[in-house]
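**Student:** All I have is the shape, not the residue letters:
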């Protein structure tokens, strides 16, 4: 569970407590305390052996570990950053090789310097025209929204792999396993 989700859950619980406090003052009859002599009705109708309970608890721990993921090492984080940089470079290289991009940027810088030392207005106008053409070529190299979306999906896949974050399908499967397991954990242990 991420930190933002934890904070969101804490904020939701706080809001519910505040709202509950106002509801308690607004309707005291509905919020009357329960009598202490009423026994809890949580007696389980099923029983399990100690070995089954141990297996259930092991399964619960395994499910919790799958949800928790793992903390990457420094080497894994470095490899992660390198992989993302490689994805961006690959995406940019689809439009123009890195050497050509570097040559265009170098040419743009040299034109900027030539513009500073140009003597006549005609010369400056010609240099500005060349600069505008280069800027248009470099603008065409920018990633489109579809390419950004593709890049985002690949980064999400890398992040899930690095941190061990389950996919939506895996979360659904874990939830189904927990719904099957939860009633068994309420059973009483025999022997």
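**Tutor:** Looks like it arrived, so ask away. Just so you know, these numbers come straight off a predicted model, no measurement behind them. Numbering: from 1, shown residues only.
**Student:** So what's the model's average confidence on stretch 87-100?
**Tutor:** The average pLDDT within stretch 87-100 is 87.
**Student:** where does residue 72 land in three-state SS?
**Tutor:** coil (DSSP: H, G, I helix; E, B strand; the rest coil).
**Student:** can you pull the contacts of it?
**Tutor:** 80, 162, 163 (C-beta atoms under 8 Å, 6 or more residues apart in numbering). The C-beta positions use only the backbone N, C-alpha and C, and glycine is treated the same way.
**Student:** so the last one makes contact with residue 69?
**Tutor:** Okay, so that is residue 163. Yes: Residue 163 is within contact range of residue 69, at 4.7 Å (criterion: C-beta atoms under 8 Å).
**Student:** Contacts for stretch 47-60, please.
**Tutor:** 177, 178, 181, 184, 185, 187, 188, 189, 190, 191.
**Student:** Could you check how far the second one is from residue 69?
**Tutor:** Right, the one you point to is residue 178. 17 Å (C-beta to C-beta, to the nearest Å).
**Student:** Quick one, which of the contacts of stretch 47-60 are buried?
**Tutor:** 184, 187 (16 or more other C-beta atoms under 10 Å).
**Student:** Pipe the contacts of stretch 47-60 into JSON lines and attach pLDDT, distance to residue 115 and secondary structure per row.
**Tutor:** Formatted as JSON lines, those follow (pLDDT from 0 to 100; distance: C-beta to C-beta, whole Å; DSSP: H, G, I helix; E, B strand; the rest coil):
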{"residue": "177", "pLDDT": "92", "distance to residue 115": "67", "secondary structure": "helix"}
{"residue": "178", "pLDDT": "91", "distance to residue 115": "67", "secondary structure": "helix"}
{"residue": "181", "pLDDT": "91", "distance to residue 115": "72", "secondary structure": "helix"}
{"residue": "184", "pLDDT": "88", "distance to residue 115": "77", "secondary structure": "helix"}
{"residue": "185", "pLDDT": "89", "distance to residue 115": "75", "secondary structure": "helix"}
{"residue": "187", "pLDDT": "89", "distance to residue 115": "82", "secondary structure": "coil"}
{"residue": "188", "pLDDT": "90", "distance to residue 115": "86", "secondary structure": "strand"}
{"residue": "189", "pLDDT": "88", "distance to residue 115": "84", "secondary structure": "strand"}
{"residue": "190", "pLDDT": "86", "distance to residue 115": "89", "secondary structure": "strand"}
{"residue": "191", "pLDDT": "70", "distance to residue 115": "90", "secondary structure": "coil"}
